[in-house]
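Q: heads up, no residue letters with this:
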Ligand SMILES: Cc1cc2nc3c(=O)[nH]c(=O)nc-3n(C[C@H](O)[C@H](O)[C@H](O)COP(=O)(O)OP(=O)(O)OC[C@H]3O[C@@H](n4cnc5c(N)ncnc54)[C@H](O)[C@@H]3O)c2cc1C
């Protein structure tokens with residue numbers, strides 16, 4: 001983590017994020033990329049890509065290697081981090097990760113699609129017992145009973161953290177061979193969540209296919225974070241982040257690219273949008289700097305810009 005804010009932070013290391021980071025670097029911006037897994041891990045699953053320009057039917061693995069090789073060649077800084085939230089601050093954005101925050105003047109969201117639908121009831125209780133980030137939300141469940149749904153082994157650390165502050169934790173691992181935990185953690189392996197039930201104000205129960213769990217809260221530790229949760233007031237239409245032709249979202253300084261902006265979910269489109277987002281972010285920063293130099297207020301921005 002840099003003490004000074006980055007100029008552009010890219011969230012997601014798929015084709016869109018890698019393309020955005022490379023183009024931001026070409027524009028000589030101080031850039032960081034945050035990716036929760038390995039770079040390009042989704043594309044690696046594609047057996048064969050027949051519609052990428054300039055390469056005849058590479059496998060997803062081959063194409064991913066090419067992307068990551070170029071990324072490494074550019075010596076772009078990246079960290080294995082899961083971004084849990086983006087918060088506007090004075091002239092910068094704070095990107096919350098497990099152990100702190102990254103700070104950046106512009107942000108490009110390139111988080112792809114998680115492929116997970118909301119559970120029935122989930123959207124009704126976001127912030128009212130439904131939580132996605134243990135670091136951010138665990139305190140409100142001190143001494144209470146919670147359920148944790150873990151989509152990957154990474155969630156186990158969250159379960160341990162919750163076990164230290166909650167009276168009881170029921171863990172539903174949605175993967176094979178979960179680890180063992182302490183006394184106050186009950187592991188329900190092989191069970192799937194079906195619905196979130198509440199009293200209109202707060203979550204009261206998690207329903208499984210054949211069981212009902214009375215709990216005060218449910219942590220859903222998904223592989224990604226739904227775009228609407230990542231940043232409040234970010235405009236989302238039909239599950240995709242709404243962007244204009246320049247990949248700008250409704251929030252000045254925040255851009256988006258790739259599958260998270262909607263269909264078609266394709267590599268070439270993701271890479272192209274990543275480039276546009278980076279160029280737009282660079283122009284946005286250049287305009288802010290010009291305004292600052294002229295001592296005028298920033299365009300379209302309601303935040304105070306602090307120069308670092
Ligand atoms: C089996 C398969 C076959 C395919 N075949 C083709 C094909 O033939 N042709 C084609 O064009 N496309 C194909 N695709 C689609 C292609 O893989 C996607 O369109 C492309 O990867 C989208 O790129 P992206 O960068 O937008 O998203 P992704 O590649 O999904 O990258 C998003 C990244 O963001 C990361 N992330 C998510 N949330 C966070 C967070 N909160 N913090 C940090 N990181 C986060 C994810 O881990 C992920 O690595 C195929 C996909 C699959 C799975």
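A: Received it, and whenever you're ready, just let me know what you need. Keep in mind it's a predicted model, so treat the numbers as computed, not measured. Numbers count the residues shown, from 1 in each chain.
Q: and the chain, which residues reach the ligand?
A: Residues of the chain lying close to the ligand (C-beta under 6 Å from any ligand atom) are 11-17, 34-37, 41-43, 45-46, 49, 51, 82-83, 110-112, 224-225, 258-259, 265-268, 270. Heads up, the C-betas are built off the backbone N, CA and C, glycines and all.
Q: redo that, cut-off 5 Å
A: Counting by C-beta under 5 Å from any ligand atom, the chain comes close to the ligand at 12, 14-16, 35-37, 42-43, 45-46, 49, 82-83, 111-112, 224-225, 258-259, 265-267, 270.
Q: in strands, which of those residues fall?
A: Of the residues of the chain next to the ligand, the ones assigned to strands by DSSP state E are residue 35.
Q: could you flag which of the residues of the chain next to the ligand are buried?
A: When burial is judged by neighbour count using 16 or more other C-beta atoms under 10 Å, the buried members of the residues of the chain next to the ligand are 12, 14-16, 35-36, 42-43, 46, 49, 82-83, 111-112, 224-225, 258-259, 265, 267, 270.
Q: quick one: contacts for residue 181?
A: Residue 181 is in contact with 156, 159-160, 163, 169, 171, 187, counting by C-beta atoms under 8 Å, 6 or more residues apart in numbering.
Q: shaky segments in the stretch 51-200 of the chain?
A: For the stretch 51-200 of the chain, residues meeting the criterion pLDDT under 70 lie at 115-116.
Q: which residue ranges of it form strands?
A: When secondary structure is read from DSSP state E, counting those that start in this stretch, the stretch 51-200 of the chain shows strands at 77-80, 85-88, 93-97, 100-109, 130-131, 145-150, 168-173, 185-187, 193-198.
Q: and the fourth one, what does it pack onto?
A: Read that as strand 100-109. For strand 100-109, the packing partners by 3 or more C-beta pairs under 8 Å, 6 or more residues apart in numbering; DSSP states H and E come out as strand 6-11, helix 15-26, strand 31-35, strand 93-97, strand 254-256, helix 267-294.
Q: and these, which is most packed in?
A: Among these, judged by mean count of other C-beta atoms under 10 Å, the one packed with the most neighbours on average is strand 254-256 (a mean of 29).
Q: other SSEs contacting it?
A: For strand 254-256, the packing partners by 3+ C-beta pairs under 8 Å, 6+ apart come out as strand 100-109, helix 267-294.
Q: okay, angle between the first one and helix 267-294 too, please.
A: Taking axes from the mean of the first three to the mean of the last three C-alpha atoms, to 10 degrees, strand 100-109 and helix 267-294 form an angle of 110 degrees between their directions.
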